[in-house]
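Enquirer: coords below, sequence missing:
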């Protein structure tokens, strides 16, 4: 019985290892790293500048996530991603596509759908579902969104004609669209 269990566990580990991503990435630049930038990382990324598709904890100066990625990215300068689910903490956070989770930094940018929380000095979302909390908040469109800050802009809102569903295109302190 012990022999059969050992064989089954060995097969499971071998097939899982071949199907799963790499557990650790260490990189100086995307071209100078343990694994190529196309390899999926499922574990930990330590980098000066790293860029991989990942489901990982990424710690570095610049963290790049290609494709559809997830996890926690903490960078000293910049986090950037194609599409991301999780947490981005850096002075600058940039997501070209969709983001689900929390972006926290001085500048937070999501070009596609932002679902969750943006907290920073300047927050931008292509389509907002969630909360923007900062000095300047801008959402190209909002499905269910609230902005709290000094300047809050949702251009699709009309001036006080959509109450209570929408407030105005630009407001101080608070703006929303439901």
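Expert: Yep, it's here. Owing to the predicted nature of the structure, the values given are computational and were not obtained by experimental measurement.

Enquirer: for stretch 61-70, list every residue counted as buried.
Expert: Going by neighbour count (16 or more other Cβ atoms under 10 Å), the buried part of stretch 61-70 is 62-66, 69-70. All C-beta spots, glycine's among them, are computed from the backbone N, C-alpha and C.

Enquirer: check stretch 161-178 too.
Expert: For stretch 161-178, a neighbour-count test (16+ other Cβ under 10 Å) marks 166-168, 171, 175-177 as buried.

Enquirer: export the buried residues of stretch 61-70 to TSV and tack on secondary structure, pLDDT and distance to residue 142?
Expert: Below are these laid out as TSV (DSSP: H, G, I helix; E, B strand; the rest coil; pLDDT from 0 to 100; distance: Cβ to Cβ, whole Å):
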residue	secondary structure	pLDDT	distance to residue 142
62	strand	98	30
63	strand	97	28
64	strand	97	28
65	strand	96	25
66	strand	95	28
69	strand	97	25
70	strand	97	24
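
Enquirer: circling back: take the buried residues of stretch 161-178 and lay them out in JSON lines including pLDDT, distance to residue 84 and secondary structure.
Expert: As requested, these are exported to JSON lines (pLDDT from 0 to 100; distance: Cβ to Cβ, whole Å; DSSP: H, G, I helix; E, B strand; the rest coil):
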{"residue": "166", "pLDDT": "89", "distance to residue 84": "28", "secondary structure": "strand"}
{"residue": "167", "pLDDT": "92", "distance to residue 84": "29", "secondary structure": "coil"}
{"residue": "168", "pLDDT": "93", "distance to residue 84": "31", "secondary structure": "coil"}
{"residue": "171", "pLDDT": "94", "distance to residue 84": "29", "secondary structure": "strand"}
{"residue": "175", "pLDDT": "96", "distance to residue 84": "25", "secondary structure": "strand"}
{"residue": "176", "pLDDT": "95", "distance to residue 84": "25", "secondary structure": "strand"}
{"residue": "177", "pLDDT": "94", "distance to residue 84": "23", "secondary structure": "strand"}
